[in-house]
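> Turn this into a model:
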Amino acid sequence: MQKDNNATSDSIFSDYNSIGFTPIPFYYKSKIPSIEWKDYQNSKPTNDSLSKWDNEKCNIGFVTGQYHNIFVISC
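This is a model prediction of the structure:
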């Protein structure tokens, strides 16, 4: 998912986080995380991290797994 710089929310990362997702930044137009994401397999990002990522031009991905109660099946 690509961040829409014209979105009405000031904090798309915080918005996703507040509804239970764990968003992380990916390099713009890429499927590669721009951060070391494995720390977020068992924790949530801090508000400081979420705010920092909101100021980057990036794509958005989501951490999945047992801690987050989100599982993905890829066929």
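
> Excluding chain neighbours, what is closest to Y67?
The shortest distance from Y67 to any non-neighbouring residue, by CB to CB, 6 or more residues apart in numbering, is to N42 (5.1 Å). (C-beta placed from N, C-alpha, C; glycine too.)

> swap that for G65, please
In space, G65 is closest to Q41, 5.8 Å off (CB to CB, 6+ apart).

> Now do the contacts for that neighbour.
By CB atoms under 8 Å, 6 or more residues apart in numbering, Q41 lies in contact with V63, G65, Y67.

> From those residues, list the buried ones, please.
V63 (16 or more other CB atoms under 10 Å).

> Can you show me the strands along this protein?
Remark: strands assigned in the chain by DSSP state E are 23-26, 59-62.

> got those as TSV, with mean pLDDT, distance to L50 and mean neighbour count columns?
As requested, those are exported to TSV (pLDDT from 0 to 100; distance: least, CB to CB, whole Å; neighbours: other CB atoms under 10 Å):
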stretch	mean pLDDT	distance to L50	mean neighbour count
strand 23-26	96	8	22
strand 59-62	94	11	17
